[in-house]
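Asker: quick one, fold the following:
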Amino acid sequence: MTAAARRGRPGADAAPVTYGAIGATQAPDLLQYPPRGFKPVERSIRLGSGEERWQTSRSALLSWGVQRGAGLEVRDIDLGTGEQYAGIRYNDDGTPAGMREVGRAEDVYDESGEPQISNGMSAVLRMHLGPFTVDAPVRVVYVVEDENRVGFAYGTLAGHPESGEEAFMLERRADDSVWLTVRAFSRPASFGWRLLSPVLRQVQKNMTAKYLRALHPISAA
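Answerer: This next block holds a predicted model:
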């Protein structure tokens with residue numbers, strides 16, 4: 001295990017996320033019916049096609065490649081207990097179908113020894129805005145690893161300027177094209193941040209654009 005990551009004690013990661021609709025980024029009708037008081041967003045980009053593009057993008061996505069590629073520092077990684085909330089399963093019509101099954105996760109590491117994103121992992125995302133530094137604590141609330149769909153979502157923890165959830169999903173479609181989709185719902189976390197709401201919205205817009213470019217082969221060239 002790298003020095004940057006540690007396994008938390010049972011109960012050490014019990015601090016709740018700062019919103020109630022955990023897993024709602026999975027809802028097909030998120031853009032039409034977001035959690036009350038939250039603003040939704042969804043953006044997608046085609047990354048390329050073929051097996052190599054799929055495997056490369058998948059590996060990068062599950063090792064914080066989107067966040068790091070967008071210019072964020074990923075700090076204070078805590079693997080959690082491996083026994084965390086996995087989110088809600090939704091039917092095609094958007095109605096809840098029940099809870100996703102989840103058990104204790106097995107730690108997986110990439111070639112550099114960094115821990116792969118797993119359910120219950122927490123981290124602090126550090127953003128530099130001119131002379132200012134903003135720390136945004138998050139916890140991974142679900143991970144999806146299907147044959148042609150891979151991704152995860154994290155929810156905000158206390159200290160994050162916003163309250164809500166953000167999901168990053170990689171999809172390999174029938175024509176073998178590879179797509180990255182970012183879905184989120186959020187609102188300012190406190191009265192002080194609400195006063196800066198226009199600034200937060202612009203920062204979120206800019207960050208979403210950076211997230212989408214982070215895994216694109218042109219950006220990596």
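Asker: give me the below-cutoff pLDDT ranges for this structure.
Answerer: Across the chain, the stretches falling below the confidence threshold (pLDDT under 70) are 1-14, 81-113, 193, 219-221.
Asker: all strands for it, in order.
Answerer: 5-6, 39-49, 73-78, 88-90, 96-99, 122-129, 132-145, 149-156, 162-172, 177-188 (DSSP state E).
Asker: between those strands, which one is closest to residue 195.
Answerer: The minimum distance between residue 195 and the strands of the chain falls on strand 177-188, with 8.2 Å, by CB to CB. Just so you know, the C-beta spots here come from the backbone N, C-alpha and C atoms, and that holds for glycine as well.
Asker: tell me how far that closest one lies from the chain's centre.
Answerer: Strand 177-188 sits 8 Å away from the centroid of its parent chain (CA atoms, centre = their mean, to the nearest Å).
Asker: what packs against it?
Answerer: If contacts are counted by 3 or more CB pairs under 8 Å, 6 or more residues apart in numbering; DSSP states H and E, strand 177-188 sits against strand 39-49, helix 51-61, strand 162-172, helix 197-214.
Asker: and if we set it to 10 Å?
Answerer: Contacts defined by 3 or more CB pairs under 10 Å, 6 or more residues apart in numbering; DSSP states H and E place strand 177-188 against strand 39-49, helix 51-61, strand 149-156, strand 162-172, helix 191-194, helix 197-214.
Asker: now do the buried residues in the first one.
Answerer: When you say that, I think you mean strand 39-49. Buried positions in strand 39-49, judged by neighbour count with 16 or more other CB atoms under 10 Å: 40-41, 45, 47-48.
Asker: determine which residue lies closest to the centroid of this structure.
Answerer: The central residue of the chain, meaning the one whose C-alpha is nearest the mean C-alpha position (CA atoms, centre = their mean), is residue 153 at 3.6 Å.
Asker: just to revisit the earlier point, now the helices and strands packed on strand 177-188 in CSV, with distance to residue 182?
Answerer: As requested, the helices and strands packed on strand 177-188 are exported to CSV (distance: least, CB to CB, whole Å):
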stretch, distance to residue 182
strand 39-49, 5
helix 51-61, 11
strand 149-156, 10
strand 162-172, 6
helix 191-194, 21
helix 197-214, 5
